[in-house]
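**Q** Model the following, please.
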Amino acid sequence: MVEHLTKETFLTKVFNYEVSKDWKFEGDKPCVIDFYADWCGPCKMVAPVLEELAKDFDGKINVYKVNTEEEQELAAAFGIRSIPSFLFVPSAGQPQMAMGALPKDTFVKAFKDVLGVGK
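**A** You can find the predicted model right below:
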């Protein structure tokens, strides 16, 4: 299931950037975060793909969405300048950002290569 994050839930589930400047993942499994806006056409095209992937990888990864209009501070903290932007967060190691509407097979490859999660 895709979960929408606010700044408060982001701080507890992903990274508490108010406490630490150095990356420390707070989650229990790898995740992908979709930074989007309701008015964004490409964001709307990716949404059903993410829903499908959330089902396909249920229990292996978390799929989160952050509305950049409602969570401007969060978007600014990650330097989001174009949407959609996706943050791939492995359990260990540094997260990686990707921009633009990605096709499903690119997400699956990133889950394997960046997050270390296969089907």
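
**Q** how much space between the residue lying closest to D58 once chain neighbours are set aside and F57?
**A** Closest residue in space to D58, ignoring its immediate chain neighbours: M1 at 7.6 Å, by Cβ to Cβ, 6 or more residues apart in numbering. (C-beta placed from N, C-alpha, C; glycine too.) With distances taken as Cβ to Cβ, to the nearest Å, M1 is found 11 Å from F57.

**Q** Give the intersection of the neighbour lists for these two.
**A** V63 (Cβ atoms under 8 Å, 6 or more residues apart in numbering).

**Q** Between these two, point out the one with more neighbours.
**A** F57 (21 against 8; other Cβ atoms under 10 Å).

**Q** Report the contact partners of the residue nearest to D58.
**A** 54, 58, 63.

**Q** which one of those residues is nearest A37?
**A** V63 (17.4 Å; Cβ to Cβ).

**Q** List the buried residues for the helix or strand where that closest one lies?
**A** Under the criterion of DSSP states H and E, V63 resides in strand 62-67. Buried residues in strand 62-67, counted by 16 or more other Cβ atoms under 10 Å: 62-67.

**Q** close enough to count as contact, F107 and V49?
**A** Yes. Here F107 reaches V49: they are 6.9 Å apart, a contact under Cβ atoms under 8 Å.

**Q** tell me the contacts of the residue sitting nearest the centre point of the chain?
**A** What sits nearest the mean C-alpha location of the chain, by Cα atoms, centre = their mean, is I33, with 0.8 Å. If you count contacts by Cβ under 8 Å, 6+ apart, I33 has them with 5, 14, 64-66, 86-87, 89.

**Q** just checking, next helix/strand downstream of the helix or strand hosting it?
**A** Element membership for I33 (DSSP H and E) is strand 31-36. Using DSSP H and E, the next helix or strand after strand 31-36 towards the C-terminus is helix 41-56.

**Q** and the angle for that following helix with strand 62-67?
**A** If you take axes from the mean of the first three to the mean of the last three Cα atoms, to 10 degrees, helix 41-56 sits at 160 degrees to strand 62-67.
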